[in-house]
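In: my questions concern the predicted model and sequence given below.
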Amino acid sequence: MSTFQAPKGTYDLTPPRSATFLAVREAISAPLRDSGYGYIETPGFENVELFARGVGESTDIVTKEMYTLTTKGGDQLALRPEGTASVLRAALEANLHKAGNLPVKLWYSGSYYRYERPQAGRYRHFSQVGAEAIGTEDPVLDAELIILADQAYRSLGLRQFRILLNSLGDKECRPVYREALQTFLRDLDLDEETRRRIEINPLRVLDDKRADVQKQLTDAPKLRDYLCDACKAYHEEVRALITAAGVVFEDDEKLVRGLDYYTRTTFEFVHDGLGSQSAVGGGGRYDGLSEMIGGPELPSVGWALGVDRTVLALEAEGVELDLPATTSVYAVPLGEEARRVLFGVVTELRRAGIAADFAFGGRGLKGAMKSANRSGARYTLVAGERDLAEGVVQLKDMESGEQTAVPLTEAPAELAKRLG
Ligand code: ATP
Ligand code: MG
């Protein structure tokens, strides 16, 4: 070990476990790439004000969890705590919404930073894959995103996840509900901080995890009873579409995102094998966000799935991903001359698209064969001085143990044939 360790709340991804992370990112993004979503990448930091407005001044993310910094030039920046605000900012900046092709469908993958209390499934640096569909209000779009996330999780072999679904209403009906909820909450026995929250962000109180708070909320007014006809019809359509797609979900009227620009459809993916950090992903509609950050009216919907927690969910379910071996051929040279010759063969194989590796450092046969085994290679190529004198290499099938001498010049073609 060196003098240094990964900072608190972070961890390194190292082989072989890192391969699972790559496979998860790949599996989550594959259905998006096949559904018209284009890849977007934005900086790891943004103007702090973008998140203050685009995530919300009253959220935990902005009040407690952001890593902020002042540059030497005096700019106030924050490491990105989430993806949506950045992606919308970038889409507006590039005028993607003006190309006459709405919705703008984008997907992203990257690192996010939140100053949180580290625990299992909760880190200060974590990784998400996300999707945003910008500029269209259409229940089919909401349904599409939920169906694609479901497809991604299923393709990984996850089964013990649940989809929670709710509607938050819109600017017509939500204010009426908000007031009714505030009136109810003000009569409860709550601490000072929660009382302040009632005034700024009352829907968030519904999300309080404490049992003594939850007990008092049993008779709280339900958003469902306040939805206007347009929101009700929209939500019914989303429900019908995902039901028709065979996606199972649960109505959860307590599921909230307590910001004014989150509207209508909201959903969360939870996994039952993860203990208290059960949310593996979440999303919903954010029809007012563009205007909050100075853009035009662009009703949008999106989600973000946590890669770290998805990997933990796989481990909790005991799912082993079928990861293809990274090395197909492993070359073991015995002697100086063989080293040059076999390295030439390895280079040729690689150029032909065959994954090949090499026993470096002039090691003996026994140690090199151990490495060959560990690499998972299907074939090894061994050559010593006598083989070279005869113009052959020994090709060993690592599954059957069978070994044959193959003319050196034919080895690449022979391997290509055997590996299909
Ligand atoms: P939680 O309620 O667990 O704090 P959240 O509502 O803050 O989650 P979102 O902002 O919706 O989470 O982020 C989407 C997903 O990103 C989460 O469902 C989770 O999988 C992942 N995620 C969020 N924060 C962290 C973190 N600190 N460490 C690891 N994964 C995280
Ligand atoms: Mg959080």
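Out: Now that the structure is in, tell me what you want to look at. Ligands and ions are numbered 1, 2, ... in the order given.
In: and the contacts of stretch 326-344?
Out: 19, 345-346, 349, 354-359, 362, 365, 368-369, 371-372, 375-385, 387-388, 393, 408, 415, 419 (C-beta atoms under 8 Å, 6 or more residues apart in numbering). C-beta: built from backbone N, CA, C; applies to glycine.
In: do the same with stretch 147-160
Out: 24, 27-32, 35, 131, 161, 163, 242, 245, 247, 269, 271-273, 280-281, 283, 303, 305, 310, 313-314, 316-317, 319, 321.
In: do you have the helices of the stretch 201-350 of the chain handy? List them.
Out: With DSSP state H, counting those that start in this stretch as the criterion, the stretch 201-350 of the chain has helices at 202-205, 211-216, 229-244, 289-292, 307-317, 336-351.
In: ok, now the stretch 1-150 of the chain?
Out: 17-33, 48-54, 60, 84-93, 139-155.
In: closest one to residue 199 among these?
Out: Of all the helices of the stretch 1-150 of the chain, helix 60 sits nearest to residue 199, with 16.7 Å by C-beta to C-beta.
In: how about the residues of the stretch 201-350 of the chain near ligand 1?
Out: 277, 279, 280, 281, 282, 304, 306, 308, 309 (C-beta under 6 Å from any ligand atom).
In: now those as JSON lines including neighbour count and pLDDT?
Out: Formatted as JSON lines, those follow (neighbours: other C-beta atoms under 10 Å; pLDDT from 0 to 100):
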{"residue": "277", "neighbour count": "17", "pLDDT": "89"}
{"residue": "279", "neighbour count": "16", "pLDDT": "95"}
{"residue": "280", "neighbour count": "25", "pLDDT": "97"}
{"residue": "281", "neighbour count": "25", "pLDDT": "96"}
{"residue": "282", "neighbour count": "19", "pLDDT": "95"}
{"residue": "304", "neighbour count": "20", "pLDDT": "97"}
{"residue": "306", "neighbour count": "26", "pLDDT": "98"}
{"residue": "308", "neighbour count": "20", "pLDDT": "98"}
{"residue": "309", "neighbour count": "26", "pLDDT": "98"}
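In: closest to ligand 1 among those?
Out: Among these, residue 306 lies closest to ligand 1 (C-beta to the nearest ligand atom), at 2.1 Å.
In: show me what the closest one is bridged to.
Out: Taking DSSP bridges as the rule, residue 306 bridges to residue 128.
In: for it, give its distance to residue 154.
Out: Relative to residue 154, residue 306 is positioned 17 Å away (C-beta to C-beta, to the nearest Å).
In: and for residue 14?
Out: 28 Å.
In: neighbour count winner among these two?
Out: Neighbours per residue (other C-beta atoms under 10 Å) separate residue 14 from residue 154, with residue 154 holding more: 14 against 7.
In: so what pLDDT did the more buried one get?
Out: The pLDDT attached to residue 154 in the predicted structure is 97.
In: with the one 10 residues further on instead?
Out: The pLDDT attached to residue 164 in the predicted structure is 97.
In: what's the burial count for it?
Out: 18.
In: tell me where the model's unsure across the stretch 251-400 of the chain.
Out: In the predicted model of the stretch 251-400 of the chain, residues 258 satisfy pLDDT under 70.
In: domains in this protein, by residue range?
Out: Listed domain ranges for the chain are 17-173+227-317, 329-419 (source: automatic domain parsing).
In: pick the most deeply packed of those.
Out: domain 17-173+227-317 (a mean of 18; mean count of other C-beta atoms under 10 Å).
In: now do the same end-to-end measure for that domain.
Out: Counting by C-alpha to C-alpha, to the nearest Å, you get 16 Å between the two ends of domain 17-173+227-317.
In: repeat for stretch 4-23
Out: 29 Å.
In: what do you get for stretch 114-134?
Out: Terminal-residue distance, stretch 114-134 (C-alpha to C-alpha): 25 Å.
In: so what's the gap between that stretch and the chain middle?
Out: 9 Å (C-alpha atoms, centre = their mean, to the nearest Å).
In: list the contacts of the nearest residue to residue 133 once chain neighbours are set aside.
Out: Leaving out its chain neighbours, the residue that sits closest to residue 133 by C-beta to C-beta, 6 or more residues apart in numbering is residue 103, at 4.4 Å. Residues near residue 103 by C-beta under 8 Å, 6+ apart: 133, 134, 135, 136, 138, 141, 300.
In: please redo it, this time with the cut-off set to 7 Å
Out: Residues near residue 103 by C-beta atoms under 7 Å, 6 or more residues apart in numbering: 133, 134, 135, 136, 141.
In: so which of those residues reach ligand 1?
Out: Checked against ligand 1 using C-beta under 6 Å from any ligand atom, those give no members in range.
In: keep only those of the residues you listed that are in strands.
Out: 133, 134 (DSSP state E).
In: okay if I get the contacts of residue 103 as CSV plus distance to residue 287?
Out: Output for the contacts of residue 103, formatted as CSV (distance: C-beta to C-beta, whole Å):
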residue, distance to residue 287
133, 12
134, 11
135, 10
136, 10
141, 12
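In: for the contacts of residue 103, which one is nearest residue 86?
Out: residue 134 (12.7 Å).
In: the closest one pairs with what?
Out: residue 104, residue 300.
In: looks like it contacts residue 91 (just checking).
Out: Yes. Counting by C-beta atoms under 7 Å, residue 134 touches residue 91, with 5.6 Å between them.
In: any idea which of the helices of the stretch 1-150 of the chain scores lowest on pLDDT?
Out: helix 60 (a mean of 85).
In: and that one with ligand 1, contact?
Out: No. On the criterion C-beta under 6 Å from any ligand atom, helix 60 is out of touch with ligand 1, staying 7.4 Å away.
In: which bits of the stretch 1-150 of the chain sit near ligand 1?
Out: Counting by C-beta under 6 Å from any ligand atom, the stretch 1-150 of the chain sits next to ligand 1 at 82, 114, 116, 121, 122, 123, 126, 128.
In: at 8 Å what do you get?
Out: Residues of the stretch 1-150 of the chain found near ligand 1 (C-beta under 8 Å from any ligand atom) are 9, 60-61, 65, 81-82, 112, 114, 116, 121-124, 126-128.
In: lovely, talk soon.
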